[in-house]
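[1] Curious how this folds, go ahead:
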Amino acid sequence: MVGWGDFRTAVTCTVAAVVGALFWGLRAAAGGAWEKEKKEEKEEKQRSRELLVRVLRLYKPDAVLLLGAFSFLLLSVLCGMFIPFYTGKVIDSLRTGQHEQEFLSAILFISLYSLGSSLGAGCRGGLFLCVIASFTRRVKLRLFGSLANQEIGFFEAVKTGQLTTCLSDDTTLMSRTVALNINVLLRTLILTLGMVVLMLSLSWRLTLMVLLEAPITGVIQQLYQSRHQRLSEELRDSVARANAAANEAVSGAWLVRSFHAERGEARRYGDLLMDTHRLKTSRDTVRALYLLARRFSGVSLQVAVLLCSRQVVQRGHMTTGSLLTFLIYQGEMGDNIRTLISIVGNLLTSVGAAKKVFEYLDRKPQCTMGTLAPDQLSGHVTFDHVTFSYPCQPEKQVLQDFSLDLRPGKVTALVGPSGGGKTTCASLLQTLYQPQRGQILLDGQTLCSYQHHYLHKKVTVVSQEPEILSGSIRDNIAYGLPDCSLDDIQEAARKANAHNFISQLKKGYDTEVGERGGQLSKSEKQRVAIARALVRHPRVLILDEVTSSLDTDSEIKVQQALSSGPAPTLLVIAHSLRTVQNADHIVVIGQGRVQEQGSHQQLMAARGSYYNLWEKHQSSSVAAAGHHGDC
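    Prediction:
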C-alpha cells in the first residue's frame, strides 16, 4: 500500500516535474535564457502574442465548427486514454486464467472506447478540415482585396513572386494556427494530464522517471528551434525569389524567345532553385539530427524504466498487465512531451507567416477614395502645380511644378519627346499614382474625393498596348460592369468599329479570346479595348497612341463615334503628330514641364518646340514614303 507520505511526495515531485517541463518548453520556444533576454526579444515576443490574438479573432465566423471540433476532440482523447488501461486488465485476466467476467468486461470497454475514440477522431478531423478551408478562403479573399486596392507603385516595389507566395503559402500556414497547432496542443495537453493521473495510479516512482524526459527534451528543442526557424525563414524567401523569376520568364516569354535568352533564364532559375535546395537540405539535416537526438533520449529513458520496472514487479507493486499499460503510456507520454514543447515553435512559425499577411492587410493605399458621385460631371480636369517622381526612382522628378487645364468636351493633345511625362499625366489622372506636391482636380474636386467605382467609370483609358484578359469578348468589353447589357456592349462595339469582326466569329460576343487576348490581332484587341472604354460613357477619355494599331477606316469611324453625342473631355497622348492637327489644344511637354501650348496653327506660327517636332515628323514621313516607292 502507498502511504500518505509517499502520495504527498509523488504529488510534489509530479508538480515540480510538470513545472519543469513547461519551463523548458517555453524557454526552448523563446530561443534563449530568460535572464539574458534582450529588449528586442521581448518586443518580438510581444508582437508575436499580438499577432496570435489577431489570428484567433479571424476564426470568429467559424466558432460553431470549432466548438463541435473541440467537443469531438475531447471525446476522442478521453476514450483513447483508457484503451491501454483496459488492455492491461486483459493481460492480467489471461495470465491468471480466472475471472472470465473481468476479461469480457475489459474487452467490452476496449471496444466501446475504441469506437468512441474513432468516432471522435474522424468527426474532429473532418470539422477541422472544414475550418481550414473556410479560414483559408476568407483570408485569401481579404488579402487579394487589399492587394487589388494598392497603388501601382506598390506593385513596382514588391515582386510578384513575393505576393503570390504570401497569397498561397503564408495564408495556408495561418490557417493551421487553430485548426492544427492549437488543436494538437489541447489534445496533447489533455491526453498528457490524463496519462499522468493514470500512470501515478499505477506507479508513482516510474512516473517520476518518465517525467524526467521533459527537461532533456527541452534542451534538445532549444538547440534545434532557433536554427530551424532561421532556415525556414530563409527558405521561404528563397522560394519567393524563385517564383518571381519563373513568373517573369513566363509572362515575358516573347522577350525571352526574341532575344534567345532561354538558356540564361533557365540558368538563373536553376541557380535560384539550387539555393532553395541548399537551404532545404540544411533545414532537413538539422531536423534529422534533432529527431535522432530526440529518439535516442526517448529510447534511453525507456530502457531505464524497463530496468527499474523489474524490481517494482518483483516486489508486487505492479502486475504484468499494469506494467504493459504503463509502458504503453510511457511511449505515448514521450511523444506528448516532445509535441507540447515543439508545438509552441510551430505556433510561432504560423504567426511568423501571419506577420507578412497582416502587413499587406493593414497597408493603406496612398489615395483613399471619397464618396462623391454627382449625377452630372462636365469633365473639367486641372493639373495644379503637380510635382511627381516614381516610387522606384524618387530622386528623378518626371513632372516639375506641372500645370494644365483640360477644358470640358474639348480635345487636348500631349506631344513631346519620350520620357517627357506624357504617359505619366495619364497615370496620375487614373489615380494609379499620387503626386508628391500639387493636386489634380476634376470639376473642382480632388480625384480622391470621388467614389472609386464612379471615378473609374467616368475617367477611362485606352492604352497603346491594351490589356485583354482571358475570357469572352463580352466579358472584356463589360469588364468591371457586372450589370452591363448586351445592347450596350454591342453599341460600344459599333462605335469602336469592332461589331463587324465580332459578328463574323462563330460564337460572336461569346468567343473566347485566350490568355492575354492571344486569339485576336493587335488591331482587334485595340478595338475591343476602345469599346471597353466607350461602354462606360466616360466624361474623360484618355487615348494613349491608340490609332497606331488601327487602319485608316477604323480610325475615321472611331473619331466619328467620339464626336457624336455628348463629347467627353479627350486627352490624346500622341507620339505621332499626324493625329493631333485637329486637336482643340496641343500641349508640348519636355523635361516634366509645359514648354508651349496652343492650336496647331498657333504653335506652327510660333516656330518653337512644336514647329521643330512637326518638321522632323514631316521629314521622316517623306523619307519613309520615298523608301517605300523605291521598293
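[2] Domains of the chain: list them as residue ranges, please.
    Segmentation of the chain into domains, based on automatic domain parsing, reads 4-362, 381-630.
[3] what mean pLDDT does the strand or helix carrying Gln618 have?
    Using DSSP states H and E, Gln618 sits within helix 609-630. Helix 609-630 carries an average pLDDT of 65.
[4] What of stretch 461-478?
    On average, the pLDDT along stretch 461-478 is 83.
[5] May I have the distance across that stretch, first residue to last?
    Using CA to CA, to the nearest Å, the end-to-end distance of stretch 461-478 comes out at 14 Å.
[6] Which SSE is immediately downstream of the host helix or strand of Asp284?
    When elements are assigned from DSSP H and E, Asp284 belongs to helix 262-314. Past helix 262-314, further along toward the C-terminus, the next helix or strand under DSSP H and E is helix 320-362.
[7] coming back round to it: which one of the domains of the chain has the lowest average pLDDT?
    Mean pLDDT per stretch puts domain 4-362 lowest among the domains of the chain, at a mean of 77.
[8] so how far is it from its chain's centroid?
    24 Å (CA atoms, centre = their mean, to the nearest Å).
[9] Next, the angle from the helix or strand that Glu233 is a member of to helix 262-314.
    According to DSSP H and E, Glu233 maps onto helix 213-251. If you take axes from the mean of the first three to the mean of the last three CA atoms, to 10 degrees, helix 213-251 sits at 160 degrees to helix 262-314.
[10] quick one on the thing from earlier: turn the domains of the chain into TSV, columns for distance to Gly370 and mean neighbour count.
    The C-beta positions use only the backbone N, C-alpha and C, and glycine is treated the same way. TSV is the format used below for the domains of the chain (distance: least, CB to CB, whole Å; neighbours: other CB atoms under 10 Å):
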stretch	distance to Gly370	mean neighbour count
domain 4-362	14	17
domain 381-630	4	17
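[11] Looks to me like Ser111 is in a helix.
    Yes. Per DSSP: H, G, I helix; E, B strand; the rest coil, Ser111 lies within a helix segment.
[12] And it, how far from Thr368?
    64 Å (CB to CB, to the nearest Å).
[13] what's the answer for Asp475, then?
    29 Å.
[14] and what of Leu141?
    Going from Leu141 to Thr368 by CB to CB gives 21 Å.
[15] do the same with Ala605
    Distance, Ala605 to Thr368, by CB to CB: 46 Å.
[16] Over to Leu292?
    According to CB to CB, Leu292 stands 55 Å off from Thr368.
[17] Check Gln519 too.
    Applying CB to CB, the value for Gln519 to Thr368 is 39 Å.
[18] Same question for Lys525.
    Distance from Lys525 to Thr368, by CB to CB: 33 Å.
[19] With Thr164 instead?
    Thr164 sits 26 Å away from Thr368, going by CB to CB.
[20] how about the residue nearest the centre of the chain, what does it touch?
    Note on the chain: the residue nearest the mean C-alpha position is Leu167, at 1.9 Å, using CA atoms, centre = their mean. Counting by CB atoms under 8 Å, 6 or more residues apart in numbering, Leu167 makes contact with 140, 143-144, 147.
[21] ok, so of those, who is nearest Met318?
    Comparing those against Met318 with CB to CB places Lys140 closest, at 54.3 Å.
[22] quick one: the residue nearest to the centre of the chain is in a strand?
    No. Using three-state DSSP, the secondary structure at Leu167 is helix, not a strand.
[23] how far off helix 320-362 does the helix or strand encompassing Leu208 point, in degrees?
    Following DSSP H and E, one finds Leu208 within helix 204-211. On the basis of the same axes, to 10 degrees, helix 204-211 is oriented at 30 degrees to helix 320-362.
[24] Please renumber the chain so that the first residue is 587 from this point on.
    Renumbered: residue one is now 587, and that last one reads helix 790-797.
[25] can you give me the strands for this protein?
    967-975, 983-992, 997-1001, 1023-1028, 1031-1032, 1045-1048, 1126-1130, 1155-1159, 1171-1176, 1179-1184 (DSSP state E).
[26] Figure out which of these is closest to Val717.
    Using CB to CB, those put strand 1045-1048 closest to Val717, at 42.6 Å.
[27] Each with direction, which strands does the closest one pair with?
    With DSSP bridges as the test, strand 1045-1048 is paired with strand 1126-1130 (parallel).
[28] Alpha carbons of stretch 698-709, as CSV, please.
    Below are the C-alpha coordinates for stretch 698-709, written out as CSV (Å, rounded to 0.1, in the frame of the first residue of the first chain):
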residue,chain,number,x,y,z
LEU,A,698,-16.6,0.9,-26.6
TYR,A,699,-13.7,3.2,-26.0
SER,A,700,-12.2,2.3,-29.4
LEU,A,701,-15.5,3.1,-31.1
GLY,A,702,-15.8,6.5,-29.2
SER,A,703,-12.1,7.4,-30.0
SER,A,704,-12.5,6.5,-33.7
LEU,A,705,-15.8,8.4,-34.0
GLY,A,706,-14.4,11.5,-32.2
ALA,A,707,-11.2,11.5,-34.2
GLY,A,708,-13.0,11.2,-37.5
CYS,A,709,-15.5,13.9,-36.8
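[29] now what about it, what contacts it?
    By CB under 8 Å, 6+ apart, the surrounding residues in contact with stretch 698-709 are 654-655, 658-666, 668-669, 672.
[30] Tell me which of those fall in helices.
    In this view, the contacts of stretch 698-709 that belong to helices under DSSP state H are 654-655, 658-666, 668-669, 672.
[31] With respect to Arg762, which of those is nearest?
    Arg762 lies nearest to Ala655 out of these, by CB to CB, at 13.7 Å.
[32] Excluding covalently adjacent residues, which one is nearest to that closest one?
    Using CB to CB, 6 or more residues apart in numbering and skipping the chain neighbours, the partner closest in space to Ala655 is Leu713 (3.7 Å).
[33] so what's the one you found up against?
    Each residue near Leu713 by CB under 8 Å, 6+ apart is listed here: 651-652, 654-655, 658.
[34] mind putting these in TSV, distance to Leu1015 included?
    Putting the contacts of Leu713 into TSV (distance: CB to CB, whole Å) gives the following:
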residue	distance to Leu1015
Leu651	47
Leu652	48
Gly654	53
Ala655	52
Phe658	58
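[35] closest to Pro960 out of the domains of the chain?
    Nearest to Pro960 among the domains of the chain is domain 967-1216; the distance by CB to CB comes to 7.6 Å.
[36] how near is the residue nearest to Leu1106 when sequence neighbours are not counted to Asp1069?
    Spatial nearest neighbour of Leu1106, chain neighbours left out: Val1099 (5.5 Å); criterion: CB to CB, 6+ apart. Relative to Asp1069, Val1099 is positioned 22 Å away (criterion: CB to CB).
[37] do Glu820 as well
    In this structure, Glu820 and Asp1069 are 49 Å apart, going by CB to CB.
[38] in the stretch 1037-1186 of the chain, which spans are helices?
    For the stretch 1037-1186 of the chain, applying DSSP state H, counting those that start in this stretch gives helices covering 1038-1044, 1059-1063, 1072-1081, 1085-1089, 1108-1120, 1138-1149, 1186-1192.
[39] Any chance of CSV for those, columns distance to Gly902?
    What follows is those, written out as CSV (distance: least, CB to CB, whole Å):
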stretch, distance to Gly902
helix 1038-1044, 81
helix 1059-1063, 82
helix 1072-1081, 91
helix 1085-1089, 94
helix 1108-1120, 89
helix 1138-1149, 102
helix 1186-1192, 113
